[in-house]
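# Predicted structure and sequence below. I'll ask about it afterward.
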Amino acid sequence: MSRWNGSPSGAACGARRGWPSTPPGLRVPARDRGTCRAEDATELYYEVDELPDDGKRRRLRRKAEPPATVVFCHGYCLGQDSWHFQRAALRGVVRAVYWDQRSHGRSARGLAHADGEPLSIEQLGRDLKTVIDATAPEGPLILVGHSMGGMTIMAFAEQFPDLVRDRVVGVALVGTSSGRLGEVTYGLPAAGVGAVRRILPASSRRSAPRWSWWRRAAGPPRTCSPA
């Protein structure tokens, strides 16, 4: 099981002063932001950028097929604000979900961890499932993860292979790892590697290989339209 012994507080991580997550002039309406509760009751914060209404389809009273939703998962010691420029470029183009992982950004500190239980990457995968259930309960999914966010996606795939097979049509993993980070030397001598490993999050150092799980869960490639 992948664990770390200490996690950042929401106040310390993922909050960059003067760098709003939403582009200037494009604030998120109250109906498009909210919270959901993980299995241990930790409050997870999310924001949704919806597509513009299709007035013609609404006048004809046709039930629209749910659009593809892109879910962005940030990395360790960051927050949804780290997707600022991607969000500015994609606003109005795709339906997108941005969320703060537990103990990061606007989400609460993990309650189970506060009670002394070690936090696992598997838990983060289940947190992602909770956010998907709250923000995109139907329709195709495209998952984007950076660093720890990529590990979160792979843990999600390992635990919910049927959902991945049925709904996930695309994945982007950015600067992440499927495990065995303990074997990485960073080009440093042994003494330097020891120092680096002492300061790395234990979740990253101990994460188990997951890519084979993802390939089995995802099945053959598929295509979809963004709307």
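That came through, no problem.

# in this protein, which segments are predicted with low confidence?
1-27, 54-62, 182, 186, 191, 193-194, 196-227 (pLDDT under 70).

# One more pass at 50, please.
1-12, 14-21, 24-25, 203-214, 223-227 (pLDDT under 50).

# Mind naming the longest helix for it?
helix 121-135 (DSSP state H).

# Now do the following helix or strand past that helix and helix 121-135, the angle between them.
Using DSSP states H and E, the helix or strand that follows helix 121-135 in sequence is strand 141-146. Using axes from the mean of the first three to the mean of the last three Cα atoms, to 10 degrees, the inter-axis angle of strand 141-146 relative to helix 121-135 is 140 degrees.

# Quickly run through the sheet partners of strand 141-146, with directions.
strand 69-73 (parallel), strand 168-174 (parallel) (DSSP bridges).

# Using a markdown table, please lay out those strands together with distance to residue 157.
No exception for glycine: its C-beta is placed from N, CA and C like everyone else's. Formatted as a markdown table, those follow (distance: least, Cβ to Cβ, whole Å):
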| stretch | distance to residue 157 |
| --- | --- |
| strand 69-73 | 12 |
| strand 168-174 | 8 |
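
# closest one to residue 136 among those?
Closest approach to residue 136 among the strands paired with strand 141-146 (Cβ to Cβ): strand 69-73, 4.0 Å.

# CA-only coordinates of the closest one, as PDB, when you get a sec.
Listed next in PDB are the C-alpha coordinates belonging to strand 69-73 (Å, rounded to 0.1, in the frame of the first residue of the first chain):
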ATOM      1  CA  THR A  69     -16.200  15.900 -19.100                       C
ATOM      2  CA  VAL A  70     -12.500  16.600 -18.600                       C
ATOM      3  CA  VAL A  71     -11.500  16.100 -14.900                       C
ATOM      4  CA  PHE A  72      -8.200  17.800 -13.900                       C
ATOM      5  CA  CYS A  73      -6.200  16.300 -10.900                       C
END
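
# If you count neighbours, what's buried in it?
By 16 or more other Cβ atoms under 10 Å, the buried positions in strand 69-73 come out as 69, 70, 71, 72, 73.

# Find the residue closest to the first one in space, skipping its chain neighbours.
It stands for residue 69. Nearest non-adjacent residue to residue 69, counting by Cβ to Cβ, 6 or more residues apart in numbering: residue 136, 4.0 Å away.

# so how far is residue 85 from that neighbour?
Distance of residue 136 to residue 85, given as Cβ to Cβ, to the nearest Å: 22 Å.

# Compare the two (neighbour count), which wins?
residue 136 (21 against 9; other Cβ atoms under 10 Å).

# and that one, what is it in contact with?
Neighbour list for residue 136: 66, 69, 71, 95, 97 [criterion: Cβ atoms under 8 Å, 6 or more residues apart in numbering].

# Show me the helices in this structure, by range?
Using DSSP H, helices in the chain cover 55-59, 84-90, 111-114, 121-135, 148-159, 161-167, 190-199, 202-206, 211-218.
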